[in-house]
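pasting the sequence and the predicted coordinates here, then a few questions.
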Amino acid sequence: MLKIIFSDEDVLRTRVAPAADPLWELVLSLHLLQGRSRDPMMTTWRRAVAHGLRTDTDAEQYRLLFALNPPRGYFPDFLTPFASREGLEAGLDAVRGTSVDMLRRDLTLLAGETPLPSSATALARGEPETLHHLTDAMARYQSLAVKPYWSRVQAAVEADRARRARAMLDGGAEGLLASLRPNMRWASGVLEVLDYPDTRELHLDGRGLLLVPSFFCSRTPVALVDPTLPPVLVYPVDRLAGLTPASGPAASPQGEALAALIGRTRSRVLQAADEGCTTGEMARRLRISAAAASQHTTVLRNAGLLVSQRDRNTVLHTLTPLGRAVLDA
C-alpha cells in the first residue's frame with residue numbers, strides 16, 4: 001500500500017492536471033500492450049498496434065523503449081517528466097535533457113529487475129545520440145499507438161475532470177480526494193492507494209499533489225519512485241466505449257446516429273452538458289421529464305457527442321471533442 005501524507009497546506013495545493021498527459025499515456029500504453037490483461041474494450045487497439053509494430057520496417061528501433069517499460073514492476077521516472085504537462089514535444093525535450101545522475105540511478109534500479117540491452121549502457125552515460133534514438137522511438141510509437149486515438153483519450157480524461165470538479169465544488173479539496181474511491185481511500189490527512197505493488201510512504205511536505213487522470217493507466221494508480229521529484233499520482237479513468245481511431249470503423253455508425261440529432265431540445269441538451277450536467281439537473285434546466293432527458297442523452301451518447309459516467313446514484317454527462325465541435329459549429 002502507498003500512503004501519501006498531507007499537511008493542511010498540501011490539501012489546499014492539490015490539483016488535477018488540465019488535460020491528458022502525453023508521455024504518461026505513451027508509457028502506460030506500452031505496459032498495457034505487453035500486459036496480461038485482456039480488457040475487451042481494448043482488443044481492437046491491441047490488434048491494430050501489434051500489427052503496426054510487426055509491419056514497421058524499422059522495428060528494431062523500439063527495442064530499448066520496450067526494455068525500459070516492462071509490463072509489470074518498476075519503470076524509470078525520467079520517462080515521464082513533469083514538463084510533459086506542456087505537450088509531447090516539451091516532454092521529449094525534457095527526456096533528452098535528463099541528467100546523467102538520474103539516468104544512472106533509474107537504470108540501475110531497472111537492471112536489478114529486468115535484463116537490459118547493451119544500448120542501455122550508453123543511455124546511462126547520457127550519450128546524446130542514444131537519448132535522441134530513444135525519443136525518436138517514443139515519438140514514432142506515439143504516432144502509431146496513441147495519436148490515432150487521442151480524441152477518445154481526451155474525452156475520457158475530460159469527463160473525469162468534470163467529475164472531480166463537481167466533487168471539489170461540493171466538498172472542497174477533501175471532497176476531491178474522497179472522490180477517488182474505490183482505488184484509493186482518504187481519511188485523516190492520508191490518501192491510501194490500495195493494492196499498490198509496493199509498501200511505502202510519500203510525504204508531500206507542502207508541495208501539494210498533482211492528480212493525473214489517465215486513460216491507459218490500468219487498475220492501480222501510479223506514483224514516481226523518487227520522493228524528491230514533484231509529487232504526481234496517476235490514476236485510471238473510466239474508458240467509456242474503449243478505443244477506435246477517429247477515422248476508423250466507429251465513424252460510419254456515428255453518421256447514422258447524427259441524423260437523429262435534428263431538433264431544438266437536443267441542441268439545448270448539448271449546451272447543458274458543456275460543463276457537465278446530471279440527468280436530473282438537465283431535466284430541471286430544460287423543463288422536461290427525467291425520462292425524456294435520459295432518452296435524449298442516450299441518442300447523443302450513441303452518436304459520440306456525449307459521455308456518461310455513473311457516480312453512486314447519479315449519472316454525469318459531458319461533451320466529447322466531437323460534441324464540442326458540433327456545439328461550436
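That came through, no problem.

and the residue nearest the centre of the protein?
Central residue of the chain (C-alpha atoms, centre = their mean): residue 214, 1.5 Å from the mean position.

report the beta-bridge partners for it.
Beta-bridge pairing of residue 214 under DSSP bridges involves residue 236.

wait, isn't it in contact with residue 232?
No - using C-beta atoms under 8 Å, residue 214 makes no contact with residue 232, being 10.7 Å away. Heads up, the C-betas are built off the backbone N, CA and C, glycines and all.

related to what we said a few turns ago, show me what contacts the residue nearest to the centre of the chain?
Contact analysis of residue 214 by C-beta atoms under 8 Å, 6 or more residues apart in numbering lists 20-21, 24-25, 28, 157, 234-237.

what do you get for residue 95?
23, 78-79, 81, 131, 134-135, 138.

which SSE is immediately downstream of the helix or strand containing it?
Assessed by DSSP states H and E, residue 95 sits inside helix 88-96. Per DSSP H and E, the first helix or strand lying C-terminal to helix 88-96 is helix 100-111.

buried sites along that next one?
102-103, 105-107, 110 (16 or more other C-beta atoms under 10 Å).

which of these lies closest to residue 69?
residue 110 (9.6 Å; C-beta to C-beta).

what pLDDT does that closest one get?
Note on residue 110: pLDDT of 96.

can you check residue 88 too?
We have a pLDDT of 96 for residue 88.

that one: what's its closest spatial neighbour, skipping adjacent residues?
Nearest non-adjacent residue to residue 88, counting by C-beta to C-beta, 6 or more residues apart in numbering: residue 22, 4.1 Å away.

counting neighbours, what do you get for that neighbour?
For residue 22, the count of nearby residues is 24 (other C-beta atoms under 10 Å).

and the pLDDT at residue 262?
57.

let me fix that: residue 256
pLDDT, read off for residue 256, is 49.

surely residue 12 touches residue 174?
No - checked against C-beta under 8 Å, the pair residue 12 and residue 174 is beyond contact range at 10.1 Å.

the more surrounded of those two?
Using other C-beta under 10 Å, the more surrounded residue of residue 12 and residue 174 is residue 174, with 16 against 13.

state whether that one is indeed within a helix.
Yes - counting by DSSP: H, G, I helix; E, B strand; the rest coil, residue 174 is part of a helix.

that one contacts residue 8, correct?
No - counting by C-beta under 8 Å, residue 8 is not a contact partner of residue 174; they are 10.3 Å apart.

kindly format the C-alpha coordinates of stretch 195-202 as CSV.
Provided in CSV are the C-alpha atoms of stretch 195-202 (Å, rounded to 0.1, in the frame of the first residue of the first chain):
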residue,chain,number,x,y,z
ASP,A,195,-3.4,-2.8,-4.0
TYR,A,196,-0.2,-0.8,-4.6
PRO,A,197,2.6,-3.2,-5.6
ASP,A,198,5.0,-1.7,-3.0
THR,A,199,4.7,-0.6,0.6
ARG,A,200,5.9,2.9,1.2
GLU,A,201,5.0,6.4,2.4
LEU,A,202,5.2,9.6,0.4
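
many thanks, I have nothing further to ask.
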